[in-house]
Every structure is written in C-alpha cells, then in structure tokens.
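Visitor: I would like to see how this sequence folds:
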Amino acid sequence: MSDVESFFILFAIGAIAAVISLVIIAIAHPIARHMPKAPVIEFLPPPGDIITHGLAVRADRRVVTAVIMQLAVAGKIRVLAPRGTHGPVAIEALPGTGLSADDHFFLQALRPRKMNKRRTRRYLAALREIGISVTRIEDAPDITFLRGRGAFRGFQQRSIAEHLDRARTRAKTAGLARRFSGSVHLYLLSLLFLVSTIAALLFALGAVFNGVTWGALGALFGIAAMFWVLALAPPPIMRFTPEGHALRVRLSGLRDYMRLAEQDRMRVLQSPQGALRTPAGALTPGGQALGLRPAPTAGDPVAQSELDRFVLIERLLPYAVLFRQEREWQRELEHLGGTVEFSQNMRVLGSTLEGLMAILQVLSAIGQVLRAVGAVFSLFART
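Guide: Modelled structure (predicted):
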C-alpha cells in the first residue's frame, strides 16, 4: 500500500468518525439545552443548593464555578487570579467567615489534604509564584490552586467527579431525577473515539515502521481532534420526575427574569410581589431570602434601591454562571461599584474550571466505556 493510499484511508476514517460525532452532538445539544417554559417570572432562586440547581438545568460543567462564585460573593473565600489569561489561579478560604460543613467538604474536593514529598514541593513552589514564601505547608494560608503547578488535576478530576456523582444520587433519592438518567451520547462518542484511536495508532505504527513520520504525526493530530470534538458534547442528560420538572420550571422563571433588560428587572423589583422592602423599610420575604439587613442602610429611597440592587446582583451572579449570563451581570456589578478585579477573576475562574470539567466528563465517559469493553472481553474469555 502506497503512502498516498494510507493517507487517504486514515483521512477517511477520521472524517467519518468526525461526521458521526458531530451528528450525535447536534442531536444531543437541543435536548440538553431545553428548559420548560415558566408561566411566571421568578426573581429569587427556589429552595435547595446551587449544585442541585446546576444539575437541574444541566449545567454540570459550570456548577463548580457557580459554587466558588457563591462562596466568593458571600465573603467566605477570595479568588487569586492573574491580570491576564496566563498564570496560576487559586482560591483562599478566609478564616472566621462561617464556612459550613458542606463548604469544607466541597473545598476538600479541590486539594488533597495529605501530600507526599513531590506534591509538597510543587505546592510550595506554586505558593512562591504568588508571593508566599513558606517552608512548611502547615505555615501556609488555606490556598487551593485551580491552575498552575499547584493544581493537582488528577486528584481534582477524581474528587469533583465523586462530588457530582453524590449530588446526582441525592437528586435521585430526593425524587427529582429518575434512577436511570442517561449519558448515551457520551458513551457512543467515547466508543467512537476509542475505535478511531485504535485505528489511528495502528496506522501510526505502520507509518513509523515504513519510515513515514508524517503518518504518525497525522494520526496523533487526528486523535487530538477527536478528543476535542468529544469535549464539545453536552453533559449527561438527566431525566426528571414531576418534582424535578417543577424545580426546572422555577429555575426557568429565574432565567427569564435574569434575561430581562435592566429597566424591566427594576420594574419587577418595584412590584408588590417582587419588592425587597415594604414602603416603611421592613424586609419582605424576598428581601429576607437575599439576606438584606432588617433596617434601611441608606438615607433616601433612591440610594437604598441601589444598595438593594447591588445585593440582588451579588446573590444572583452564581446563577448567571449557570445560565451563561455572567458577563452581562458582571458589567452591572461593576456599574454599581463592584470591583473590576472581582469581575476579571470571575472570568478567569470560569474559563479555567469549565475546561477542567469538560476534560473530566470526557475522561469519565471513556473510562466507563473501557470498563464495559473489558467486561465483555472477560465474559468471552470465561466462555
């Protein structure tokens, strides 16, 4: 077989695999993005934690960013990020801020508490990169790296996957999601990826033995391209019970409110149902849910309205992440006096964690397919 024939065969295999993958993704995306129509506007999140809400809107790859943003706006952690797009990204847990047991459990999924000598050296070197010089981990502040040499990606991928699996199990136990919620599209894509990878590696080995180095490089490029296509796939598509559907309807109403223009949102807030305070300054149930102070903190109603709006935007920023609206809401936060540095850190954090979650889901799906293939082979081996 000539080099030209080998090239065309390899190209044909890659093209067929890419087309099939894109068709699967094109079918899965509308299903994953679909949200039920809400009959009314909701300007407050429904009861429950933000991880459950993220899974309910199928924003699995954004839920970790949303949780970290929620902790940041609550003043429990601070984000340490570079000015530009390069450099380490970390979060620091602030002492004495009332971190709950769930908060600690979530943060523990991002950094191993027991480190060997190699991890210790990496972590201390990462601290020096951000200007913290200590010789022992015990003397360092509670900092967790999300990007850079201090980010232990293997540990994070395993721990976050387990954390989200437990959240999915809780949702099923609570009657929000059906027991058999599928990731069929991910399994199909992973199987296609494995078949394409095996074929590409076989051609690469043949090219190397025949002294055609470009064939090996082309095969490796094709594997990388297929991995990238797999990362474009939507997250696992959970199937919801009537209770889960009702939760999704309320979250859809919240998304509709957050999509409104600023003037329309303010009119909703000033309505009897949406107001945060009564004319006398007492908190409504909505104001209480947002954590406003019982008494007005500004001298006039106009200034008070701006303060209340600032609190509202802070509380809803995590949900803006879930609904892919964070840029618009961050601009409003800056307009109301929020720091530009905070918004910049949130953008860097979002891009860092969404990439991590995409890789996590790809590796998880591939691992499950490999286990299934191994189980089939072991079954045949026994017979």
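Visitor: got any ranges where the stretch 201-350 of the chain has weak pLDDT?
Guide: Within the stretch 201-350 of the chain, the ranges that satisfy pLDDT under 70 run 204, 206-219, 222, 261-275, 277-281, 289-311, 331-350.
Visitor: Quick one: residues contacting the closest residue to Pro46 other than its chain neighbours.
Guide: In space, Pro46 comes closest to Arg250 once its chain neighbours are excluded; the distance is 4.2 Å by Cβ to Cβ, 6 or more residues apart in numbering. Any C-beta I mention is one placed from the backbone N, CA and C, and that applies to glycine too. For Arg250, the contacting residues are Ala38, Glu42, Pro46, by Cβ atoms under 8 Å, 6 or more residues apart in numbering.
Visitor: in the helix or strand containing Arg250, what's buried?
Guide: Following DSSP states H and E, the helix or strand that holds Arg250 is helix 242-259. Buried residues in helix 242-259, counted by 16 or more other Cβ atoms under 10 Å: 244, 247-258.
Visitor: With only the CA atoms kept, save it in CSV.
Guide: The C-alpha coordinates for helix 242-259 follow below in CSV (Å, rounded to 0.1, in the frame of the first residue of the first chain):
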residue,chain,number,x,y,z
PRO,A,242,-42.6,15.7,38.1
GLU,A,243,-41.0,17.2,41.2
GLY,A,244,-37.8,17.7,39.2
HIS,A,245,-39.8,19.2,36.3
ALA,A,246,-41.4,21.7,38.8
LEU,A,247,-38.0,22.7,40.0
ARG,A,248,-36.8,23.3,36.4
VAL,A,249,-39.9,25.4,35.7
ARG,A,250,-39.0,27.7,38.7
LEU,A,251,-35.4,27.9,37.5
SER,A,252,-36.6,28.7,34.0
GLY,A,253,-38.6,31.6,35.5
LEU,A,254,-35.5,32.8,37.3
ARG,A,255,-33.6,32.6,34.0
ASP,A,256,-36.3,34.6,32.2
TYR,A,257,-36.0,37.3,34.9
MET,A,258,-32.3,37.5,34.5
ARG,A,259,-32.6,37.8,30.8
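Visitor: Which of the contacts of Arg250 has the largest number of neighbours?
Guide: Greatest neighbour count in those, by other Cβ atoms under 10 Å, goes to Glu42: 19 neighbours.
Visitor: follow-up on the earlier one: kindly provide the distance from the residue nearest to Pro46 to Leu191.
Guide: Using Cβ to Cβ, to the nearest Å, Arg250 is found at 37 Å from Leu191.
Visitor: Would you map the helices across the stretch 51-200 of the chain?
Guide: Under the criterion DSSP state H, counting those that start in this stretch, the stretch 51-200 of the chain carries helices at the ranges 63-73, 101-108, 117-129, 153-173, 184-209.
Visitor: Just name the most buried of these.
Guide: Most buried of the helices of the stretch 51-200 of the chain, by mean neighbour count (mean count of other Cβ atoms under 10 Å): helix 63-73, with a mean of 24.
Visitor: tell me the mean pLDDT for that helix?
Guide: The average pLDDT within helix 63-73 is 87.
Visitor: Can you tell me how far the closest residue to Arg147 other than its chain neighbours is from Ile77?
Guide: Spatially, and ignoring its direct neighbours in sequence, Arg147 is nearest to Val89 (4.0 Å; Cβ to Cβ, 6+ apart). Separation of Val89 from Ile77 (Cβ to Cβ): 13 Å.
Visitor: With Leu316 instead?
Guide: Counting by Cβ to Cβ, the gap from Leu316 to Ile77 is 18 Å.
Visitor: tell me the contacts of Leu110?
Guide: Applying Cβ under 8 Å, 6+ apart to Leu110 gives the contacts Ile91, Thr144, Leu146, Gln156, Ser159, Ile160.
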